[in-house]
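**Q** Here's my sequence, what's the structure:
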Amino acid sequence: VQLQASGGGLAQPGGSLRLSCAASGFTLAYKGIGWFRQAPGKEREGVSCISSGGGTYYKDSVKGRFTISRDNAKNSVYLQMTGLKPEDTAAYYCATGRCSVTGVARDIGTWGQGTQVTVSS
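**A** Residues are numbered from 1 along each chain as shown. Modelled structure (predicted):
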């Protein structure tokens, strides 16, 4: 049972990146999937979550800029990030869990490894 996050990199302010979270060893369609991020010296925070039924939830600071989606045929979840800001710089992680309306996934089961996102000019 494993989650593999990818797609991070360097983006300019206002730019875009698309993160992917691919599952192996289990069927991701039956799981809620959350994205978290952790900046240096800060606590990990929930960013967005998508339920097994397709419901989507976002942290207030990313609403209108980030879009979470899933492709069950590819056993993957995506986080499309647009309008990136320097404060979005962090290591991003995906995890299985139960979505809350605040965009934070709870009752975490499996964590993926992080993918670094750096927003800088």
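**Q** Quickly list what the spatially most central residue of the chain is bridged to.
**A** Closest residue to the average C-alpha location of the chain: residue 35 at 2.7 Å, with Cα atoms, centre = their mean. Here residue 35 sits in beta bridges with residue 48, residue 94, going by DSSP bridges.
**Q** got the contact list for it?
**A** Under the criterion of Cβ atoms under 8 Å, 6 or more residues apart in numbering, the contact list for residue 35 reads 19, 21, 46, 47, 48, 49, 68, 77, 79, 92, 93, 94. To be clear about C-beta, it is placed using only N, CA and C from the backbone, and glycine gets the same treatment.
**Q** where does it land on pLDDT?
**A** For residue 35, the model assigns a pLDDT of 98.
**Q** same question, residue 51
**A** Here the pLDDT value assigned to residue 51 is 95.
**Q** Backbone dihedrals for it, both of them.
**A** Here is the backbone geometry of residue 51 (degrees, to the nearest 10): phi -80, psi 170.
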